[in-house]
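>>> Here's my sequence, what's the structure:
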Amino acid sequence: MNQPDVIRMPDWASELACKVLRCAFSDKTLNQALEDALSMIFRCPELGLSPGAAVYLSDGKNTQHALLFHLNIEWQGVFRSIQPNEGSAVRYEFRNGKQACYISLIDRDECEQIGTVELFFADTREPAAEVRTVLVQVAADLARVIVSKRKAALTSQLADIAGISENEIYLFDGDTLEIFKANHAAQIKTGYRPDQIMRMTPADLIYGMDVQEYRRRLEPLIAGKTECVVFDARRLRRDETLYDGTTKIWKLQNSGSTTFVELVIDQSDHKKLLGLLHATFDAFPGGIAVLDEDLRLTFANHRFYELVDISPEQCPIGSSYLEVLRYNAMRGDYGPGDVEEQAQERAGHARLFLTHSFLRERADGTVLEISTSPLATGGGVVTYMDVTVRRRAEQELIRHRDRLEEAVRLRTEELALQAEKLAQALEHEKYINSLQRQFVTMTSHEFRTPLAIIDGAAQRMTRKSGGLTPEFVVEKTHQIRSAVARMVELMESFLTAGRLDNGMTLNISDCPIHDIVLQCATRQSEVSPSHKLHLDIDTLPKMLRGDPLGINQIFTNLLSNAVKYSPKAPDVYIRGWEADGFACVSVRDSGVGIDADDLQKMFQLYFRARTSSGIAGTGIGLNLVKQVVDLHGGEIRVESEKGQGTLFTVRLPIAGPAQTTETPMETASERAVA
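Sure, this is the predicted structure:
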């Protein structure tokens, strides 16, 4: 194949070529060097490539190039082999939605095509001429990396072989077959001195073999049909004694000349080593199978047959690994499908001998970790490990982790909830303390006012003790009685609040509600002569079942509030009637009224509406009224508008409350936040 014309390369292309060629001289393996070189090519913006590539090499046997390496391409999207380019170094093909480019890998030293690299462009259009030229150059540099690394691998093999001092090693010329180097083990095994060995050929050391026969043995190696020639022969020592040996020969290419290396393994030592190797493999806890290039089974330990669950008779040494794959497919290890297709597909993957590892769970629940590794001399090793216990332990650890995370989450939520409740309790405690301080301040003020009135009236009566008129006495007496009534009202509120806090028990009896309402109105008229109470209670039932003291407290509070919160509106209207088994009483005034925002809070303990500013009060009364009404199984409603007065309506069941025993009540602190 003709090499491309040499042209002036742009600076960025020259810099890229230098970076790629450096990979050939690194200490990394071939696959690692290819990954580094291709990554550099992907990162070159001038080329416009997508980060994906595959490298195919000629094996010297088939017309197609076989997959060697792929990067950033899903396994399903990689060709196992491709046709080499014919007549052109670059070929384009549109596949998988991308513009693919196939560039020949040319070994410049041998002027031959060794393989093909597949690249993908980010753009669907074909690249410019300059980019095509650079890609051909970069592909040639990539070929040099491959050739260099393969030679380095072969040299490494040779170094490893030479390090086995107990085996004979000979280096001889490919044309004359004359030995020009031998190791110390060769001198010991044959009995010849170094200068004597240098005048011999390898055929001279083999009993019954001449040079022509030896050359015939080298022909497959020279033709490139194999990488190694192996045969057994009787070896001849200097003292003419014989010993059995296995001969292995490799070809080394160096600067146009051909050199061969011959390794001779003494069968007696080999048998000992082989026995030791077999014992080691049989002691290995996993299954091991060694395959040649044609997938023939060359070695397998007993654990391999146990884990694959196949007998040695079904798959003896020398049989095809395809039989194992076919057996697995027949028993359903690969799922539903055509048995032969499943076996052939996996055999095609196995022939690539790529480093690979995966897990497979069999129908009986056994989990196997299967790994494949290539051998430098061809073929590969397949290992099977029973990881069922480890897999279950990992799954149990995952489940335990999930349970632990859930427990931590729940505990965190629980602690957060407790913290929230604690914060609410602290806020509640602060609120109660604030209410108590307000109550103490308010109570002190409420008691001082009537006491001051009593004290002032008494002082004026004392100063006029000599000239008291009946009218003056009546006036001052009325002031004193009003102040005393206010104090009694306060004390009644406190006592009732105490009864409710301790769990008030209703004393149910026949209660004259008509008379109680009338008495409360009369008493309020006496202490508030400035107001006129209008009564309309003719249709109010005479009697009901209830607690007389509690019902008295209800209407005393409502009438007192009606008078107190309507200082400039003297008319208070009281109406009573019967409806649906309930005794209904409404109290309506035309006083200051209540803001709409405050209506829902009117029955809370210590709460006072904004319109009550400047008017005496404790914030206890309406809360007590609500509690007593609830104990009776009744209801109380409030309707009001600021500046338009207020209407309270009480409904009490005539038959009395459903429960007549002690009813548990909220404490004052609980009612404060109800």
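
>>> tell me which strands and helices the helix ranked longest in the chain is in contact with?
Assignment by DSSP state H gives helix 388-463 as the longest helix of the chain. Helix 388-463 is packed against strand 367-374, helix 470-501, helix 668-672, with contacts defined by 3 or more Cβ pairs under 8 Å, 6 or more residues apart in numbering; DSSP states H and E. From N, CA and C alone the C-beta is placed, and that goes for glycine too.

>>> wait, isn't residue 582 in contact with residue 636?
No. If you go by Cβ atoms under 8 Å, residue 582 and residue 636 don't touch, sitting 11.8 Å apart.

>>> Tell me the residues that contact both of these two, please.
Residues touching both residue 582 and residue 636 (Cβ atoms under 8 Å, 6 or more residues apart in numbering) are residue 651.

>>> rewinding a little: strand 367-374 and the longest helix of the chain, what's the angle between them?
120 degrees (axes from the mean of the first three to the mean of the last three Cα atoms, to 10 degrees).

>>> Report the rounded mean pLDDT for helix 388-463.
Helix 388-463 comes out with an average pLDDT of 79.

>>> Over to stretch 250-265?
Rounded mean pLDDT across stretch 250-265 is 76.

>>> which ones are touching residue 26?
Residue 26 touches 32, 33, 36, counting by Cβ under 8 Å, 6+ apart.

>>> for the second one, helix, strand, or coil?
Taking DSSP: H, G, I helix; E, B strand; the rest coil as the rule, one finds residue 33 in the helix state.

>>> if I look at it, how far off is residue 55?
11 Å (Cβ to Cβ, to the nearest Å).

>>> what does the first one give?
Distance, residue 32 to residue 55, by Cβ to Cβ: 13 Å.

>>> So which of the two has more stuff around it?
For residue 32 versus residue 55, the count of surrounding residues by other Cβ atoms under 10 Å is larger for residue 55: 24 against 13.

>>> Sticking with the more buried one, tell me its helix or strand.
Using DSSP states H and E, residue 55 sits in strand 49-57.

>>> Can you tell me which helices and strands that strand packs against?
So strand 49-57, by 3+ Cβ pairs under 8 Å, 6+ apart, packs with helix 30-42, strand 65-71, strand 98-107, strand 112-121, helix 129-162.

>>> Would you mind listing the buried residues in it?
49, 50, 52, 53, 54, 55, 56, 57 (16 or more other Cβ atoms under 10 Å).

>>> I'd like to know which of those residues is nearest to residue 369.
Distance to residue 369 across the buried residues of strand 49-57 (Cβ to Cβ) is lowest for residue 54, with 26.8 Å.

>>> Backbone dihedrals for residue 206, please?
phi -120, psi 130 (degrees, to the nearest 10).

>>> That one touches residue 236, doesn't it?
Yes. The criterion here is Cβ under 8 Å, and residue 206 meets it with residue 236 at 6.7 Å.

>>> more neighbours, the two?
residue 206 (20 against 17).

>>> what's the distance between the more buried one and residue 190?
Distance of residue 206 to residue 190, given as Cβ to Cβ: 11 Å.

>>> Spell out which residues are contacts of both of those two.
235, 236.

>>> Quick check, central residue of this structure?
residue 402 (10.5 Å; Cα atoms, centre = their mean).

>>> neighbours around residue 213, how many?
Neighbour tally, residue 213, other Cβ under 10 Å: 11.

>>> dump the residue contacts of it.
Per Cβ under 8 Å, 6+ apart, neighbours of residue 213: residue 203.

>>> Check the gap between it and residue 201 for me.
11 Å.

>>> Same check on residue 189?
17 Å.

>>> If you count contacts, what does the strand of greatest length in the chain end up packed against?
As assigned by DSSP state E, the longest strand anywhere in the chain is strand 242-254. The contact analysis (3+ Cβ pairs under 8 Å, 6+ apart) places strand 242-254 against helix 129-162, helix 211-222, strand 229-236, strand 257-266, helix 267-283.

>>> now it and helix 267-283, what's the angle there?
Using the same axes, to 10 degrees: strand 242-254 against helix 267-283 is 80 degrees.

>>> Return the distance of strand 242-254 from the chain's centre.
58 Å (Cα atoms, centre = their mean, to the nearest Å).

>>> neighbouring contacts of it?
With contact meaning Cβ under 8 Å, 6+ apart, strand 242-254 is reached by 151, 154, 157-158, 168, 174, 189, 202, 206-207, 217-218, 221-222, 227-237, 258-268, 270.

>>> In ChimeraX, select just the buried ones from these.
Burial among the contacts of strand 242-254 is assessed by 16+ other Cβ under 10 Å; the matching ChimeraX selection reads:
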select :154,157,158,168,174,189,202,206,217,218,221,227,229,233,235,236,259,260,261,262,263,264,265,266,267
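
>>> Output the buried residues of strand 49-57 as CSV; include the columns pLDDT and distance to residue 625.
Converted to CSV, those look like this (pLDDT from 0 to 100; distance: Cβ to Cβ, whole Å):
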residue, pLDDT, distance to residue 625
49, 90, 88
50, 88, 83
52, 89, 84
53, 91, 89
54, 91, 91
55, 92, 95
56, 92, 97
57, 90, 100
